[in-house]
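A.B. asks: Pasting the sequence and the predicted coordinates here, then a few questions.
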Amino acid sequence: MDSKNDNKDLRKACVEAVFDEFAEHGDMIRPQYAGQWNEIDASRFLGHITGPMDIDVTGLVDVIIDTIVKEAQK
């Protein structure tokens with residue numbers, strides 16, 4: 001993973017993993033108040049997730065680390 005392309009691919013994979021976690025209504029990113037998923041806006045194109053949410057930072061870091069390990073094994 002030395003080239004710029006590898007880093008770009010790794011970044012893309014990590015961003016996708018975070019958005020997938022949100023799209024699956026997982027436990028890492030959830031509405032601040034139960035059941036208010038429509039209050040959170042996720043834009044993959046812009047790379048932003050906005051709105052009143054509760055973020056499990058350690059869980060989200062685990063998702064990112066798992067993605068990095070998976071990408072390194074390819």
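C.D. replies: Perfect, thanks for sending it. Numbers count the residues shown, from 1 in each chain.
A.B. asks: which SSE is the spatially most central residue of the chain in?
C.D. replies: Geometric centre of the chain, nearest residue: V18, 0.9 Å, by CA atoms, centre = their mean. Mapping V18 onto the secondary structure by DSSP states H and E places it in helix 4-23.
A.B. asks: How about I49: what's its closest non-neighbour residue?
C.D. replies: Excluding the flanking residues, the one nearest I49 by CB to CB, 6 or more residues apart in numbering is A42, at 4.6 Å. Heads up, the C-betas are built off the backbone N, CA and C, glycines and all.
A.B. asks: still on that earlier bit, how much space between the residue nearest to the centre of the chain and S3?
C.D. replies: Distance, V18 to S3, by CB to CB, to the nearest Å: 23 Å.
A.B. asks: try H25
C.D. replies: Counting by CB to CB - H25 and S3 are separated by 35 Å.
A.B. asks: In contact with the residue nearest to the centre of the chain, which residues?
C.D. replies: Residues near V18 by CB atoms under 8 Å, 6 or more residues apart in numbering: I29, I49, L60, V63, I64.
A.B. asks: for E16, same thing?
C.D. replies: With contact set as CB under 8 Å, 6+ apart, E16 has these partners: R44.
A.B. asks: Tell me, what's the model's pLDDT at it?
C.D. replies: We note a pLDDT of 95 for E16 in this prediction.
A.B. asks: A72 versus I55, what's the distance?
C.D. replies: If you measure I55 against A72 using CB to CB, the figure is 25 Å.
A.B. asks: For the two, work out which one has more neighbours and name it.
C.D. replies: More neighbours sit around I55 than around the other of I55 and A72, counting by other CB atoms under 10 Å; the figures are 13 against 10.
A.B. asks: Now the helix holding V18: buried residues?
C.D. replies: For helix 4-23, the neighbour count (16 or more other CB atoms under 10 Å) marks L10, C14, A17, V18, F19, E21, F22 as buried.
A.B. asks: just those now: which is nearest Y33?
C.D. replies: The shortest approach to Y33 among the buried residues of helix 4-23 belongs to F22, at 16.2 Å (CB to CB).
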